[in-house]
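S.K.: generate a structure from the sequence data that follows.
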Amino acid sequence: MDNGKSNYYRFLEGDNEAFNDIIREYGAHLILFINGYVRNMDVAEDLMEDTFCELVFHKSRLKKEESFKSYLFSIAKNKAVNYLRKSKRLTVISIDECHENLPDEVDIENKVIKNSDYRELYEAMEKLCVEYRQVLYLHYFELMTYDTIAKVMNKNKNQIKNLMYRAKKELEALLKTELKDYEK
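M.R.: This next block holds a predicted model:
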């Protein structure tokens, strides 16, 4: 049994510290995953919290044979997609317009992405389409298998393999272009 699943079952039995362990283990990863959809770290943080609330309010939906990580990331994906559907009806104000009213805070993205190599890769991945970003993120940052990614993204394994192939090719082309621009 994976650590997340054992913590979740401990939480279901009444151990509140187990829920804190789940948050510590998956919180930052969920923020980055959700940010791949919504492209706003503040919203991603809120949706991460909503994802954990879903675990609290809808206990025991996890099937015994299901991976806890894929279950959690599926909830997060659904929260992000629902947010995007709703936000199409809302007026969005640019962060630049609000920036002068915000207090100086350490950017969470810089906290989460500490290693400069990962930061460069992450920034290059941000230029890819949503599906390419997600498949790469889940495989390389979250170390998920193609089967698990297929469950999270509601696709079959062959579709994930194709997405992975195309995503790698596009990322490679992007990185080569950036390297050429850097060398000039």
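S.K.: tell me the contacts of residue 37?
M.R.: Contacts for residue 37 were tallied using CB atoms under 8 Å, 6 or more residues apart in numbering; they are 77, 80-81, 83-84, 130, 134. Heads up, the C-betas are built off the backbone N, CA and C, glycines and all.
S.K.: again, 6 Å this time
M.R.: residue 80 (CB atoms under 6 Å, 6 or more residues apart in numbering).
S.K.: quickly find the element holding it.
M.R.: helix 16-38 (DSSP states H and E).
S.K.: packing partners of the lengthiest helix in the chain?
M.R.: Secondary structure of the chain per DSSP state H: the longest helix is helix 157-183. Applying 3 or more CB pairs under 6 Å, 6 or more residues apart in numbering; DSSP states H and E, one finds that helix 157-183 contacts helix 130-136, helix 146-153.
S.K.: only the buried residues of it, if you could.
M.R.: Using 16 or more other CB atoms under 10 Å as the test for burial, helix 157-183 gives 159-160, 163-164, 167, 170-171, 174.
S.K.: redo the helices and strands packed on helix 157-183 as CSV? Include mean neighbour count and mean pLDDT.
M.R.: Shown next, in CSV, are the helices and strands packed on helix 157-183 (neighbours: other CB atoms under 10 Å; pLDDT from 0 to 100):
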stretch, mean neighbour count, mean pLDDT
helix 130-136, 21, 89
helix 146-153, 20, 90
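S.K.: compare these and give me the one nearest residue 67.
M.R.: Nearest of those to residue 67, taken as CB to CB: helix 146-153 at 5.8 Å.
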